Structures are given as structure tokens and as C-alpha cells.
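Novice: no sequence for this one, just the structure:
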């Protein structure tokens, strides 16, 4: 065992003395040391129930023959951090989380890891760490939030709070209704109710084989989630004894399976950042074009909010990820999972309880998967759109640019009624370097939707979107403006063509005019010049490569 490095031999008397100071009995010293990384915090709804799950993981680890040691990692709620300086830190926190887990696991020579997570950047950060450290690991996602209820309808974070702001500004709802919605949209513990980034990453984690069947969709408050936490704790010691490490699970085939499930569910565009970053740590080459290749042959079979009507609890009752795997059986390849079962075996034994929530392939909501990769003279290295959340009428769109050099400037114009039908809102200098931190744009996209403009206005950015974004919103424009990408030289009034079916996004200018403008472009001063974000901006790569840190 790796932990023998700190607990065996005469020279380790001081080390053992310190371990005994923690209260560990002598009888437990020869057992595998299991680190339990928990992102519990009082400020994130998705994480407030983790103390309960920690107890069940601990019971499971003891039952399985290991000895658990808990340590904390930070968490950021993207919803709370959104629309202000806080969002600069969200994506950047992914790297911190991976670094912290690596540091603790290596410094204390842990034999295995149980990773308790739930929200947007925390789950990919933990998976990156698992791939990097490459010791036996299991991920427990803490589960989705149940739907809110108001005036006889189910409610959720995006359409009933973020989009409600635009509806109120438009006079479509009253101030009292707005107040009532903010009190009931998020009723308690769990990650936000739809196929937003947190739940998309949970589904990907299960499809990737890094959490046990049922984990992704089991709601946060249910007894089933406790049993999943217990079983995950129990299984980790067996993985240690068999030396089943993350890189033996997170293979090229496993990543393709996970992307296929992501596309079939219409998941968040943020996965185009996170999956390549995890693959990078696992030593698997995964260009973003893989998403588009798989999307063209993967049907969209689950219509989840925000683009659809179904909630995570519906997906769970319909059979969860195992049922989705069963539907996609012919598109999947063999790959191991932490449960000890092959992903194809899980698919074969799954039961589909609702034929509408998880539709047959021949009755798919869309013939293609949720994500499309666009390229053109605005985005030579690619851009990303959630195509299943775009109406047919907006799949091809030409409009005039309205250019803003920050999210705040763009949001102000939208809320004040300055954006009109036929506009393409351009928000730039919000990429990994320029942001820095590549902020999510749910506030402006939700405001556009709430004000009834999502059928006549498009938005493009070198920033990114929340999983809650819907409509013709194209993000991850690469190269970003701060790197001197073509998005940096767009001017008000320039015509922009977006054709999702043809995978094109172009600025309708001649090559000579684009070259002329680029030759005159000068890089602006960084928005943040001190602290972690300043260091991050100097080291981070483009969105087209997953926004990973340079080595």
C-alpha cells in the first residue's frame, strides 16, 4: 500500500505518533488509508446536505475494510457568483481543486479516494485530480434538487429567477410574483433541477464509469442517495486491493461513451471545457471536434430543462443514466466502471420506466445531439452552441453586431431595452485570459429570453454559458479576444452570419479587411493585475483546448 510509506518501519516512529494523535486505533493501522475529499459548505445549495452523506461514506469505508480521513476542498456556487466579480473565480477554481486534492493525496500517501462533490467546477476538478494522481477513486455526486412549486406549476432556477428578471422588466410579471418566485424556485438541498452544468457533469461522471449506477440522478434528499454514498465507501477498498485506478476506467472509449450520453441528454456546453481537461489529465487526446463528430450520429432522446420540460427527478424516476445507456446501447463501447460492472452490462440490465422522458431512438426529440461545434472567420479554432436549445427559426440567423467589451456592458444594454430584433450581441474579453476566468453569461442570455427576444436576437462571446442558457447563444469563441482572435476586431453594425446546421459562424467582411483590422489591434491592459487570477491568466490555455493550465 502507498500508505506504508508513512506507517511502516523504525524510521516512521514520528509519523505513527502523529497518526495516533488523530485517534486512529492500532488495529486500524494496517488497513488502506482512504482520503474522503468533501466540498461541503453552508453557502451552496448543492452541498449543504453533504455532512449527512459524509457519515454514510464513512460507514461504508469502515465496512469495506478501510480507514477514512476527511479533508475539505473549496466550492463556488456559479449561480451566486454570477453577474459580478465572483464569476471570474469559478472556472479558475477547477484548477485549484485539482491541485489541492493532488497535494493532500500525495503528501499523505493515501491509498484511495472518495470524492464527494456536486456543483459545476468542483466535479470536473475532482475528476482531473483523480486522473492526475491515478490512485483508486470513486466519485459521489450529492444529487439534484427537487422542483419548486408555485401557482400549480413546478418551478426551477433558470426560468423562474434568472429569466423572471427580464419578464419583470418587460412588465410580464408583478413585483410580488417576482418575490414569490425567488422564495420557492429552489426549495432545498441539491444541485439546480435541470440539465445544467452540475447535473450534466454528474451524468457524465456516471457514464464515464467513475460513480456507481444511479448516483447522477438520485435526488439529494432521498434515502437512495445515502445508500449510494455508503456503497461507494464500501467499494473503494476493493478497488485499492485490485489496483483499479482511474486511468484504467477513464479510457478513450469511456470518454466517447460519456460524450455520447451528454449529447443525448442535451447537456451543458461547459462539458466542452471540462471533458477535454479531464482527458488531458488522463493522458487521452480528445479534440473538441470529437463532440461534433459524435453529435451528428447521437440522437437527442431526453428533453430536459432549460431547453425542454423534464426535471432531473423525472429522469431518475424514468431509470436514470442506466436507462439512457440502454437506449444508446448500439452507440457505446466496452468500458470498466468503479462498480466492477462493464458499462454495457449496466445498459443491458437497465429498465426504462417512461418512454417519453427517455425516448426510443426512432422517436428522438432531435436527430442530432445537444452540442454543435461551429467554425468560421470569427472562430477559426471553434465555438460551441447547445443546438437542441435553439428553435428551428433561429438555427440560421444573420444580424448586426452590437459589441460590448464586458458582460456588465452587455447586460446593461439588454436590461435598458437597447437591444433590438435583428441584433447579434457580441460580448468579448471574457475568455480564460481576458476575463480572466471565462465567466458564464446566464444573466444576459436569461434576460434576452425573459424579454421575449430569443427568437430574434443572437449572442456570441469568448466567454461561456451556464447549463441554464437556451436560445442562439454561441460561446467559447476561439481564439479569444485577449489573444488577438478575430472577435476582437468586430465593430458595431458589422454583419454576422450564424448557421448551426452548416456549423458556420462568419463575420461578413473580406479577408483583407479582417487582416487590416487585426494589424491595428493592440492588446488591452489586463482587467485584474494582482492575486491568483493574474497568475491564472498568464498560464491558462484557450477554451478550444479545455482551458487547462500550461505545464
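Specialist: Looks like it came in fine. Keep in mind it's a predicted model, so treat the numbers as computed, not measured.
Novice: How far does stretch 377-387 stretch from one end to the other?
Specialist: 20 Å (C-alpha to C-alpha, to the nearest Å).
Novice: What residues sit buried inside it?
Specialist: 378, 379, 381, 382, 383, 384, 385, 386, 387 (16 or more other C-beta atoms under 10 Å). For glycine as for every other residue, the C-beta is placed from the backbone atoms N, C-alpha and C.
Novice: got those residues as TSV, with secondary structure, pLDDT and distance to residue 205 columns?
Specialist: Output for these, formatted as TSV (DSSP: H, G, I helix; E, B strand; the rest coil; pLDDT from 0 to 100; distance: C-beta to C-beta, whole Å):
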residue	secondary structure	pLDDT	distance to residue 205
378	coil	97	33
379	coil	97	29
381	coil	95	27
382	strand	96	24
383	strand	97	26
384	strand	96	20
385	strand	94	24
386	strand	92	20
387	helix	93	23
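Novice: how about those residues in CSV, adding distance to residue 108?
Specialist: Formatted as CSV, those follow (distance: C-beta to C-beta, whole Å):
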residue, distance to residue 108
378, 48
379, 44
381, 40
382, 40
383, 42
384, 38
385, 43
386, 41
387, 45
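Novice: Between those residues, which sits nearest residue 74?
Specialist: residue 384 (26.4 Å; C-beta to C-beta).
Novice: Dig out what the closest one forms beta bridges with.
Specialist: Assessed by DSSP bridges, residue 384 has beta-bridge partners residue 373, residue 475.
Novice: hang on, isn't it packed against residue 473?
Specialist: No: contact criterion C-beta atoms under 8 Å: residue 384 and residue 473 do not qualify, at 9.6 Å.
Novice: which one of the buried residues of stretch 377-387 is nearest residue 52?
Specialist: residue 386 (33.1 Å).
Novice: show me where the stretch 1-150 of the chain has strands.
Specialist: Counting by DSSP state E, counting those that start in this stretch, one finds strands in the stretch 1-150 of the chain at the ranges 33-38, 67-72, 112-117, 137-141, 148-150.
Novice: Identify whichever of these lies nearest to residue 127.
Specialist: The nearest among these, by C-beta to C-beta, is strand 137-141 at 6.7 Å.
Novice: Against which helices or strands is that closest one packed?
Specialist: Here strand 137-141 touches strand 112-117, helix 122-133, helix 197-208, helix 223-242, going by 3 or more C-beta pairs under 8 Å, 6 or more residues apart in numbering; DSSP states H and E.
Novice: Which one, of these, ends up nearest to residue 452?
Specialist: Among the helices and strands packed on strand 137-141, helix 197-208 sits nearest to residue 452 (C-beta to C-beta), with 25.4 Å.
Novice: Taking strand 112-117 as reference, get the angle to that closest one.
Specialist: 150 degrees (axes from the mean of the first three to the mean of the last three C-alpha atoms, to 10 degrees).
Novice: Determine the set of other helices and strands touching helix 197-208.
Specialist: Using 3+ C-beta pairs under 8 Å, 6+ apart: helix 197-208 touches helix 122-133, strand 137-141, helix 252-265, helix 271-282, helix 320-327.
Novice: got the angle for it vs strand 137-141?
Specialist: 140 degrees.
Novice: Take the helices and strands packed on strand 137-141 and lay them out in CSV including mean neighbour count.
Specialist: Converted to CSV, the helices and strands packed on strand 137-141 look like this (neighbours: other C-beta atoms under 10 Å):
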stretch, mean neighbour count
strand 112-117, 28
helix 122-133, 28
helix 197-208, 30
helix 223-242, 21
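Novice: List the residues that contact residue 247.
Specialist: 131, 134, 282, 283 (C-beta atoms under 8 Å, 6 or more residues apart in numbering).
Novice: helix/strand/coil for it?
Specialist: Three-state call for residue 247 (DSSP: H, G, I helix; E, B strand; the rest coil): helix.
Novice: How much space separates the residue nearest to the spatial centre of the chain from residue 124?
Specialist: Centroid-nearest residue in the chain, with C-alpha atoms, centre = their mean: residue 197, separated by 3.7 Å. Noted for residue 197: a distance of 9 Å to residue 124, by C-beta to C-beta, to the nearest Å.
Novice: Same question for residue 214.
Specialist: In terms of C-beta to C-beta, residue 214 sits 21 Å off from residue 124.
Novice: likewise residue 10?
Specialist: The gap separating residue 10 from residue 124 is 42 Å, by C-beta to C-beta.
Novice: quick one: pLDDT of the residue nearest to residue 15 when sequence neighbours are not counted?
Specialist: For residue 15, ignoring the flanking residues on the chain, the nearest one in space by C-beta to C-beta, 6 or more residues apart in numbering is residue 6 at 4.7 Å. The score at residue 6 is 97. That number is its pLDDT.
Novice: Am I right that residue 217 sits in a strand?
Specialist: No: according to three-state DSSP, residue 217 belongs to no strand; its state is coil.
Novice: can you count the residues close to it?
Specialist: A count of neighbours around residue 217, defined by other C-beta atoms under 10 Å, yields 26.
Novice: Settle this for me: the residue nearest to residue 15 is touching residue 17, isn't it.
Specialist: No: applying C-beta under 8 Å, one finds residue 6 not in contact with residue 17, separated by 11.4 Å.
Novice: ends of stretch 312-330, how far apart?
Specialist: Using C-alpha to C-alpha, one end of stretch 312-330 lies 24 Å from the other.
Novice: Mind listing what's buried along that stretch?
Specialist: 312-316, 318-328.
Novice: How far does it sit from its chain's centre?
Specialist: Here stretch 312-330 is found 19 Å from its chain centre; the criterion is C-alpha atoms, centre = their mean, to the nearest Å.
Novice: swap in stretch 209-227?
Specialist: 18 Å.
Novice: And that stretch, end to end?
Specialist: Using C-alpha to C-alpha, first and last residues of stretch 209-227 are 18 Å apart.
Novice: avg pLDDT for that stretch?
Specialist: Rounded mean pLDDT across stretch 209-227 is 97.
Novice: Quick one: distance of the helix or strand in which residue 512 is found to the chain centre.
Specialist: Residue 512 belongs to helix 511-520 when assigned by DSSP states H and E. Here helix 511-520 is found 36 Å from its chain centre; the criterion is C-alpha atoms, centre = their mean.
Novice: Sort out which residues of that helix are buried, please.
Specialist: So for helix 511-520, counting by 16+ other C-beta under 10 Å, buried means 514, 517.
Novice: Which strands or helices does that helix pack on?
Specialist: Of the remaining helices and strands, none touches helix 511-520 by 3+ C-beta pairs under 8 Å, 6+ apart.
Novice: got the contact list for it?
Specialist: In contact with helix 511-520 (C-beta under 8 Å, 6+ apart) are residues 377, 484, 486, 488, 489, 507.
Novice: Show the contacting residues for residue 314.
Specialist: So residue 314 contacts 354, 357 (C-beta under 8 Å, 6+ apart).
Novice: one more time with 10 Å, if that's ok
Specialist: 147, 154, 193, 217, 302-305, 308, 354, 356-358 (C-beta atoms under 10 Å, 6 or more residues apart in numbering).
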